[in-house]
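Asks: Below: sequence and its predicted model.
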Amino acid sequence: MSTLIVALILLPVALALGVGIVVLLARPLVAPIIAAAERWWFRRCVTHGLRGDARLRERQTEPALREMEQAFCMLIVRADPRLPDQIGRHHAGLLARLLTVADDLPQGRVRLLALAKVDRLLDRRGEMQRAYTQLRTRPFRDARRLQLERELRRNARDTRVAVRELIADLQLLSTRKVAYQ
């Protein structure tokens, strides 16, 4: 009887220790997998940007703009600390190409407000992502980390909407260009 009582007391303790060890070991083992998935997602966005560049060289504005829209990377980087800077440079390149498209269109300067809005949202996203990367060693349930994740998700949603508006403006202006010729 006393052996059964000791076993009932030690079983939950042993389970808690086992789960704790698994949690401690899982984080360093899972981080490289998450980093690889993040790099894959980013490469996918870069590929969309390259396809958009190819379409622009072929003077196919509509497909180029659709590819450029897909090229924006709204990933919350959790594991690879170098990736946020690469994403920031990628976004700067995309905005430069979209600015070039806007300059090539008649009345392009009128719609630069949409481009400025996207730029502002992406700058804010970069700042939040750098702050989030600094907090990556904190526990998953850390209040500041959770708040930054919510803000990054909200920013991603707002940025996607702003990019869609910018692309729609450019598409509208490109159809007007065809109509004027």
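Replies: Noted; the coordinates are in hand.
Asks: Spell out the secondary structure type for residue 78.
Replies: The three-state label given to residue 78 by DSSP: H, G, I helix; E, B strand; the rest coil is coil.
Asks: quick one: it and residue 103, what's the gap?
Replies: According to C-beta to C-beta, to the nearest Å, residue 78 and residue 103 sit 37 Å apart. Quick note: C-beta positions are derived from backbone N, CA and C, even for glycine.
Asks: Who has more neighbours out of those two?
Replies: Comparing residue 78 with residue 103 by other C-beta atoms under 10 Å, the one with more neighbours is residue 78, at 18 against 10.
Asks: how about the helix or strand hosting residue 167: buried residues?
Replies: Here residue 167, judged by DSSP states H and E, is contained in helix 143-180. Within helix 143-180, the residues that count as buried by 16 or more other C-beta atoms under 10 Å are 145, 148-149, 152, 155-156, 158-159, 162-163, 166-167, 169-171, 173-174.
Asks: which helices and strands does the helix or strand hosting residue 90 pack with?
Replies: For residue 90, the element it lies in under DSSP H and E is helix 83-104. Of the remaining helices and strands, those touching helix 83-104 by 3 or more C-beta pairs under 8 Å, 6 or more residues apart in numbering; DSSP states H and E are helix 2-57, helix 61-71, helix 112-134, helix 143-180.
Asks: which stretches of the protein aren't confidently modelled?
Replies: 106-111, 176-181 (pLDDT under 70).
Asks: hmm, 80 instead?
Replies: Within the chain, the ranges that satisfy pLDDT under 80 run 1-2, 4, 6-8, 22-28, 104-112, 136-141, 173-181.
Asks: which of the helices and strands packed on helix 83-104 sits most buried?
Replies: helix 61-71 (a mean of 19; mean count of other C-beta atoms under 10 Å).
Asks: Only alpha carbons, please: show that helix as PDB.
Replies: The C-alpha trace of helix 61-71 is given here as PDB (Å, rounded to 0.1, in the frame of the first residue of the first chain):
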ATOM      1  CA  THR A  61       2.700  45.600 -66.600                       C
ATOM      2  CA  GLU A  62      -0.400  43.700 -65.300                       C
ATOM      3  CA  PRO A  63       1.300  40.400 -64.600                       C
ATOM      4  CA  ALA A  64       4.400  42.200 -63.300                       C
ATOM      5  CA  LEU A  65       2.200  44.100 -60.800                       C
ATOM      6  CA  ARG A  66       0.500  40.900 -59.700                       C
ATOM      7  CA  GLU A  67       3.900  39.300 -59.100                       C
ATOM      8  CA  MET A  68       5.100  42.300 -57.200                       C
ATOM      9  CA  GLU A  69       2.100  42.200 -55.000                       C
ATOM     10  CA  GLN A  70       2.900  38.600 -54.100                       C
ATOM     11  CA  ALA A  71       6.600  39.500 -53.500                       C
END
